[in-house]
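1. Starting from these lines, generate the structure:
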Amino acid sequence: MLRPLLLPDQDFADLSIPAAKESVKTRDMKKTEPHKKDTTKISDILVEEEDTLLAWLLARLPGKSRSTVKAVLKDSQVMVDGRAITQFDHPLVPGQRVRVYWQRTAAPREHFGLNIVHEDDEIIIIDKPSGLLTIATDKEKRKTAYAILSDYVKKEDPDNKIFIVHRLDRETSGLLMFARNEKVKQQIQETWETTISERTYVAVVEGQVEPPEGTITSWLTESKALIVYSSQNSQHGKKSVTHYKKIRENSDFSLLQLNLDTGRKHQIRVHMQEIDHPVVGDKKYGSTLNPLRRLGLHAQVLVFTHPKTGRLCRFETSIPKSFLRIFQTKEK
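-> Predicted coordinates:
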């Protein structure tokens, strides 16, 4: 059964500072302006037990006064898994990472236009914007998520590399994982079905979807023209399963939450075409409307077992504001 998604008012905050290697660590991070000598202190802490945020911070930062900790919370200088949190009683669960930026100008926003949601010694997770390729093609070599992250890690050490674990289409936004070494990449890819616990997307599709929730199962195959086709013949392609649930609608569009049992190329896009509700902006798979001026598909939730620690990690971004805006004036 699909769990209902929250519809937050703010977009997911991003993070572009490397994670600390220890569970509790304060690092000196150099500012981008080389002529300035000041450094910014950042406390980086791994959550190991359930608690509420303020109480947890006070217990683990004995050198900081209660008023100081409350002040950085109020000023959005505390991030939980990359998201700025101001709620004193925000619940924490094991495996989350908390960063406290002790100077207001310290909290990073992006790196070369790319939001880094999480980074540690094994993986990097980004919130990829729509319009950015995951990896280079014959026509585009440099403006890719891979190229930007590769440049980023090499600034720390010229020998650093990153490796692609999975991909998102150019026009799909959302959570995308990269590995920091080839061993981790292979480990995740080879154990994908057991390592990845949840991949949840949201999509704006044409029309009012009925029934409001269901499961689409078919076999997908790709043509020489790079178009993916769906068939009910189990001999024609790879089995693909998509679960959907409608969470908003108006007279023209539906907002769907989608969970994947399989991760085939263009799976959601093809399955939405199959039920006659194509993703908006997806001309390749039957859409005739483009109210967002982009593909209406966003990878919102990624849950997986960490390849090194074995902990269950959960990352979530907000539904893009442009997706929600469509339903504000014409809600059914």
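
2. Do you have the helices of this structure handy? List them.
-> In the chain, the helices defined using DSSP state H lie at 53-60, 66-74, 145-156, 182-190, 192-195, 267-274, 321-325.

3. can you tell which of the ones you listed is closest to residue 134?
-> When these are compared by C-beta to C-beta, helix 145-156 sits nearest residue 134, at 5.3 Å. Every residue, glycine included, has its C-beta placed from N, CA and C.

4. just checking, what packs against the closest one?
-> Where contact means 3 or more C-beta pairs under 8 Å, 6 or more residues apart in numbering; DSSP states H and E, helix 145-156 is packed against strand 123-128, strand 173-179.

5. how near is the residue lying closest to residue 114 once chain neighbours are set aside to residue 325?
-> In space, and not counting its chain neighbours, residue 114 is closest to residue 148: 4.9 Å by C-beta to C-beta, 6 or more residues apart in numbering. As judged by C-beta to C-beta, to the nearest Å, residue 148 and residue 325 stand 28 Å apart.

6. Compare those two and say which one has the larger neighbour count.
-> Counted by other C-beta atoms under 10 Å, residue 148 and residue 325 do not tie: residue 148 has more neighbours, with 18 against 11.

7. Show the low-confidence segments of the stretch 201-332 of the chain, by residue range.
-> Along the stretch 201-332 of the chain, the model assigns pLDDT under 70 to residues 329-332.

8. Walking through it, point out its strands one by one.
-> With DSSP state E, counting those that start in this stretch as the criterion, the stretch 201-332 of the chain has strands at 213-222, 228-231, 238-249, 253-260, 297-305, 312-316.

9. Now do stretch 169-189, average pLDDT.
-> Averaging pLDDT along stretch 169-189 yields 95.

10. sorry, back to before: does the residue nearest to residue 114 touch residue 116 like I think?
-> No. Applying C-beta atoms under 8 Å, one finds residue 148 not in contact with residue 116, separated by 9.8 Å.

11. picking up where we left off before, and of the strands of the stretch 201-332 of the chain, who's closest to residue 285?
-> Nearest to residue 285 among these is strand 228-231; the distance by C-beta to C-beta comes to 8.1 Å.

12. which residues are contacting the closest one?
-> Contact with strand 228-231 is made by 218-223, 237, 240, 264-267, 269-271, 273-274, as judged by C-beta atoms under 8 Å, 6 or more residues apart in numbering.

13. pull the CA atoms of that strand into PDB?
-> C-alpha atoms of strand 228-231 as PDB (Å, rounded to 0.1, in the frame of the first residue of the first chain):
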ATOM      1  CA  VAL A 228      10.100   2.000 -25.100                       C
ATOM      2  CA  TYR A 229       7.000   0.000 -25.800                       C
ATOM      3  CA  SER A 230       4.700  -1.800 -23.400                       C
ATOM      4  CA  SER A 231       3.300  -5.300 -23.900                       C
END
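
14. How about it, which residues are buried there?
-> 228, 229, 230 (16 or more other C-beta atoms under 10 Å).

15. ok, now stretch 235-255?
-> 237, 240, 242-249, 252-255.

16. repeat for stretch 149-169
-> The neighbour-count check on stretch 149-169 (16+ other C-beta under 10 Å) flags 149, 152, 153, 162, 163, 164, 165, 166, 167, 168, 169 as buried.

17. Could you tell me which of the residues you listed belong to strands?
-> Using DSSP state E, the members of the buried residues of stretch 149-169 that fall within strands are 163, 164.

18. right, and out of the buried residues of stretch 149-169, which lies closest to residue 307?
-> Nearest member of those to residue 307, counting by C-beta to C-beta, is residue 165, at 9.8 Å.
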